[in-house]
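J.: Give me the fold of what follows.
(chains A and B)
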Amino acid sequence: MSIDLSQFFEVFFEESFEGLDAMEAELLNLEPGAEDSETINTIFRAAHSIKGGSGTFGFTSVSDFTHVLETLLDQIRDGQRQLTAEHVNLLLKSVDCLRALLGALQAEQAPDLSEANELRLKFEVILGMSDGVAEEPVESLQESSGESTYQIDFKPLPHLFKTGNEPLYMISELAELGELETTAFYDGIPSIENLSPDECFLSWRFFLTTIKPESAIKEIFEWVEDDAHIEITMCGGLFGKVASNADVETANVNIESNSGLETPSPKPVKAEVPVNSLGKKAEPKKPSEQSSTSIRVGIDKVDSLINMVGELVITQAMLSQIGEQDITETTITSLQEGLAQLAHNTRDLQENVMRIRMLPISFVFSRFPRLVRDISQKLNKQVELKLLGEQTELDKTVMEKISDPMVHLVRNSLDHGLETPEQRVAAGKDPVGTVTLNAFHQGGNIVIEIMDDGQGLNTEKIKEKAIANGLVQESDELSADEINELIFMPGFSTADAVSDISGRGVGMDVVRRNIQALNGSVEVSSAPGVGSTFTIRLPLTLAILDGQLVKVAQHTYIIPLISIVESLQIDISKVSRVGKDLDVLRLRDEYIPILRLYDIFSHQGAIEELDKTLLVVVESDNHKVGLLVDDLLAQQQVVIKSLEANYQKVDGVSGATILGDGRVSLIIDISGLIKLSGLKRPGSQELLVEAKAVEVA
Amino acid sequence: MNEQADLNQQLILGGQQDEDQYLTFMMAGEEYGMDILAVQEIRGWEDATVIPNAPAFVKGAINLRGTIVPIIDLRLRFGIESVAYSPLTVVIVVSVEIKDQLKVMGLVVDAVSDVYSISEEKAKDVPDFQDSDNAQYVHGLVNVGEKMVVLLNLARVLDLSANYMQHG
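T.: Predicted structure coming up:
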């Protein structure tokens, strides 16, 4: 009758992580002294279900730890104890710790229990202290004098197994409370022909010597209260135990042959200690390398999908009916109508299928209150976090990948952007700084803004640093915006750029690169003393891209619309040649290198005269380049397909798509193209500088 | 009809345990064979989208019911002079595991020929021609009646990363 519990593990982990998220969010809402009982209840419920689940699945390390946490919460809930800031901090740490434990279990690694044990100790200290003044003086007396022994009679009703309970887990839990002596009574077992394998005929008597209060024991049997007779009596000191031991001497028999239950001794629990070192060794292999494979979809989305498919089926039936008729004028008209209907259905269906992958951005935003709280405490800054547009939806894959760059940007804002309260007061500002996260949709993209009202970027320092790094020349005339852009350059790590405080080893160039890998862009605008704003623009989904179709020789390519700055006809008088074969166009106050697509892609038969072609100015990695194309064709949404899946990586091409006529068209990878063109080769930068010099002269 | 008799014999022998079936095709008068289990479908030649800077034997990519499939000209792959494609030119779509990845590719050949059952033992009869560039692509040589069939090692033939430097 054994059920393979492991099939439920994934659900349990998912629910537990959700529970932890809820706990964290509620904890951050808690104001010590002004706690609202509903909030505490929510936290308690989350903790309780994690405990219950982990107990059921035998993750004792989790259930034990959650147990102490729950005890504290219970007391706060009952008003026996006042919530303090220390409690909140401790509870938040426990949430982290539980997350790590569950993460390790999910990855099937030995969890690192050292932190859990440490925290548990702290909880026990808090709980222990309170028991000294709590309303059970007898118990507390016992406790202060150290250990006490309980006699526990546990007689499960026959249907115990059917309720999904396993006495062995309870016995192991008991064993962890202290010294446990177990006696099983098997006289209730009927003869073999009457024996029903899914009923429990055993009963037990335990002697438990522990420092824990009686409530800890009751807690273990909480789940089976209605399915068993449980009697817990305190036998006091050693004497009582010996006396009652003599009482049941006859029953003290070997039970191993019975139902496979072993007498749990405290030993296996102690064995957890050496596991610690194991767990630490395994740590570098991050257990939180989570790429969750399931997604929760609102029933409304599913319903609307079903409706769409219903309509599609009707349209299909209509079309096939037309197909069976003879072709006449009227059938052609209705065929056209039917096709229009089909196009409409397909578009709706596509949009709705895409919506399945869309989740509100609050999934990402929700981790920031905690982050801001922790960092601002560390930095001694007062920060208010505002979240706007939390319901804005974006693709799940995009969301998973945008989270880290956002953390980096927020951390930067807190560290480098916001001033200390003293500085803010001196500058005539509110001592509490504000960081605002805002998300909204704009023309097929999602825009995420990270704003702070801090000191803004220090252009002087950035320029100094850039000159020191050789990124720009002293003589260069740079606008404030251009200087701000420099922070995204490789080699411009924030670590020692503007201040020396943070810097987790990831530069802003990595942030930009990660965002560009998602076909997105990031910009900064900043005003000294007023604050800075980072704006991230992302496509709503990775599966579809807005593309500009262009013609090169007889081939059709697609340029991602997001990277196009403008398209223009070349004014030949503004083109100058630098080096051997690089043409540069002066466009307003910029110098744009011209990349001949046909040349880079080795295509014959393209128009080579500059004045007969079109130039598409694109931007990537802070480089603006012009791509020479024969013609601009339509703009359309294209579904991105992998070229690599069956072939291999092609330089300058990020993927492929299928056009309306069924042909394959390749999507241009701008940054790859720039690399391929050799513009980024050492020395090419000088060519551009030289070009500027030529123009100026 | 001698050939037919041979074939019948082959088919009867096909019932034996250690025999594999091979699809054969013609190229420049020679007959080549490939494991029939790798063959997904056979279709006519259609224009492919050129992949920039690809080796000459990569004719481009086509849309095979929503999947992007590269097309390889086997003549060029083997360094045989190419011929103009006609409506009769055949593309054999195969799926082959290359470096632990199942890849679907199309092979342009002159014409599809036959299906033979050939025992592994017979196929292993490879003469020593180490000095030939194309030797690595050959899994074995086998006589079917009067003809000789070159059995290909598709995983090697289609592993483009191995000699990616052969730009054309």
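J.: pretty sure residue A:647 is touching residue B:51, no?
T.: Yes - Residue A:647 is within contact range of residue B:51, at 7.3 Å (criterion: Cβ atoms under 8 Å). The C-beta positions use only the backbone N, C-alpha and C, and glycine is treated the same way.
J.: Just want the most central residue of chain A.
T.: The centre of chain A sits closest to residue A:400, judged by Cα atoms, centre = their mean, with a distance of 5.6 Å.
J.: For residue A:603, see how far away that residue is.
T.: Distance, residue A:400 to residue A:603, by Cβ to Cβ, to the nearest Å: 38 Å.
J.: on that earlier part again, if we look at the helix or strand containing the residue nearest to the centre of chain A, which residues are touching it?
T.: If you go by DSSP states H and E, residue A:400 is part of helix A:396-412. With contact meaning Cβ atoms under 8 Å, 6 or more residues apart in numbering or on different chains, helix A:396-412 is reached by A:291, A:295, A:357-359, A:361, A:363-364, A:367-368, A:371-372, A:375, A:394, A:435, A:437, A:446, A:448, A:450, A:494, A:502, A:504, A:506, A:508, A:510-511, A:514-515, A:517-518, A:520, A:522, A:534, A:536, A:538-542.
J.: Chain A - how does it break down into domains?
T.: A:5-135, A:141-279, A:299-356, A:360-539, A:544-696 (automatic domain parsing).
J.: Including mean pLDDT, could those go into TSV?
T.: Below are these laid out as TSV (pLDDT from 0 to 100):
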stretch	mean pLDDT
domain A:5-135	78
domain A:141-279	66
domain A:299-356	87
domain A:360-539	80
domain A:544-696	83
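J.: Just the closest residue of chain B to chain A, please.
T.: Chain A sits closest to residue B:52 of chain B, with a gap of 3.4 Å, by Cβ to the nearest Cβ.
J.: Is that residue in a helix, a strand, or coil?
T.: Three-state assignment for residue B:52 (DSSP: H, G, I helix; E, B strand; the rest coil): coil.
J.: so how far is residue A:564 from it?
T.: Residue B:52 sits 20 Å away from residue A:564, going by Cβ to Cβ.
J.: more crowded one of those two?
T.: Neighbour count, other Cβ atoms under 10 Å in any protein chain shown: between residue B:52 and residue A:564, residue B:52 has more, with 22 against 19.
J.: Quick check, the more buried one in contact with residue A:604.
T.: No - Residue B:52 is not in contact with residue A:604 according to Cβ under 8 Å; the separation is 11.9 Å.
J.: coming back round to it: give the residues shared as contacts by residue A:647 and residue B:51.
T.: B:58, B:61, B:70.
J.: quick one: contacts for the last one?
T.: When contacts are counted by Cβ under 8 Å, 6+ apart, residue B:70 touches A:646-647, B:51, B:58, B:60-61, B:105-106.
J.: again, 7 Å this time
T.: By Cβ atoms under 7 Å, 6 or more residues apart in numbering or on different chains, the contact list for residue B:70 reads A:646-647, B:58, B:61, B:105.
J.: With the second one instead?
T.: Neighbour list for residue B:61: A:643, A:647, A:656, A:664, B:48-49, B:51, B:68-71 [criterion: Cβ under 7 Å, 6+ apart].
J.: That one bridge partners, please.
T.: residue B:49, residue B:70 (DSSP bridges).
J.: quick one: it from residue B:27, how far?
T.: 22 Å.
J.: what does the stretch 551-697 of chain A put close to chain B?
T.: Taking Cβ under 7 Å from any Cβ of the partner chain, the part of the stretch 551-697 of chain A that reaches chain B is made up of A:555, A:601-602, A:641-643, A:646-648, A:650-653, A:656, A:658, A:662-666.
J.: Which among the residues you listed count as buried?
T.: A:555, A:601, A:641, A:643, A:646-648, A:650, A:652-653, A:656, A:658, A:663-666 (16 or more other Cβ atoms under 10 Å in any protein chain shown).
J.: which one of those sits closest to residue A:186?
T.: For these, the minimum distance to residue A:186 (Cβ to Cβ) is 64.8 Å, reached by residue A:646.
J.: which SS class is the residue most central in space within chain B?
T.: In chain B, the residue lying closest to the centroid (Cα atoms, centre = their mean) is residue B:34, at 5.2 Å. What three-state DSSP gives for residue B:34 is strand.
J.: do residue B:115 as well
T.: Assigned with three-state DSSP, residue B:115 falls in the strand class.
J.: any idea how far residue A:114 is from it?
T.: Counting by Cβ to Cβ, the gap from residue B:115 to residue A:114 is 66 Å.
J.: can you check residue A:184 too?
T.: Going from residue A:184 to residue A:114 by Cβ to Cβ gives 35 Å.
J.: ok, these two, which is more surrounded?
T.: Counted by other Cβ under 10 Å, residue A:184 and residue A:114 do not tie: residue A:184 has more neighbours, with 22 against 14.
J.: Check which helix or strand the more buried one maps to.
T.: In this assignment (DSSP H and E), residue A:184 forms part of strand A:178-185.
J.: Could I get the CA-only coordinates of the helix or strand that that strand is followed by as PDB?
T.: Once strand A:178-185 ends, the next helix or strand along the chain (criterion: DSSP H and E) is strand A:203-210. Provided in PDB are the C-alpha atoms of strand A:203-210 (Å, rounded to 0.1, in the frame of the first residue of the first chain):
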ATOM      1  CA  SER A 203       0.300   0.700  19.700                       C
ATOM      2  CA  TRP A 204       3.300   2.200  21.500                       C
ATOM      3  CA  ARG A 205       4.400   3.400  24.900                       C
ATOM      4  CA  PHE A 206       7.300   5.900  24.900                       C
ATOM      5  CA  PHE A 207       9.400   7.300  27.600                       C
ATOM      6  CA  LEU A 208      10.800  10.600  26.600                       C
ATOM      7  CA  THR A 209      13.400  12.400  28.600                       C
ATOM      8  CA  THR A 210      13.600  15.900  27.200                       C
END
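J.: Pull up the pairing partners for strand A:203-210, direction included.
T.: When sheet partners are counted by DSSP bridges, strand A:203-210 sits next to strand A:148-156 (antiparallel), strand A:178-185 (antiparallel).
J.: roughly how far is the shortest one from the heart of the chain?
T.: Relative to its chain's centre, strand A:178-185 lies at 45 Å (Cα atoms, centre = their mean, to the nearest Å).
J.: just the first one next, same as before
T.: Relative to the mean C-alpha coordinate of its chain, strand A:148-156 is positioned 45 Å out (Cα atoms, centre = their mean).
J.: Then stretch A:19-37?
T.: The chain centroid and the centroid of stretch A:19-37 are separated by 20 Å under Cα atoms, centre = their mean.
J.: CA atoms only: put it into PDB for me.
T.: As requested, the backbone C-alpha atoms of stretch A:19-37 are provided in PDB (Å, rounded to 0.1, in the frame of the first residue of the first chain):
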ATOM      1  CA  GLY A  19       4.500  30.000   1.100                       C
ATOM      2  CA  LEU A  20       8.000  31.400   1.900                       C
ATOM      3  CA  ASP A  21       7.400  34.200  -0.500                       C
ATOM      4  CA  ALA A  22       4.200  35.000   1.200                       C
ATOM      5  CA  MET A  23       5.800  34.900   4.600                       C
ATOM      6  CA  GLU A  24       8.500  37.200   3.500                       C
ATOM      7  CA  ALA A  25       6.100  39.700   2.000                       C
ATOM      8  CA  GLU A  26       4.000  39.700   5.100                       C
ATOM      9  CA  LEU A  27       6.900  39.900   7.400                       C
ATOM     10  CA  LEU A  28       8.100  43.000   5.600                       C
ATOM     11  CA  ASN A  29       4.600  44.500   6.200                       C
ATOM     12  CA  LEU A  30       4.800  43.900   9.900                       C
ATOM     13  CA  GLU A  31       5.500  46.900  12.000                       C
ATOM     14  CA  PRO A  32       6.600  45.800  15.400                       C
ATOM     15  CA  GLY A  33       4.200  46.900  18.100                       C
ATOM     16  CA  ALA A  34       1.400  47.600  15.500                       C
ATOM     17  CA  GLU A  35       1.100  44.100  14.100                       C
ATOM     18  CA  ASP A  36      -2.200  43.100  12.700                       C
ATOM     19  CA  SER A  37      -3.500  39.700  13.600                       C
END
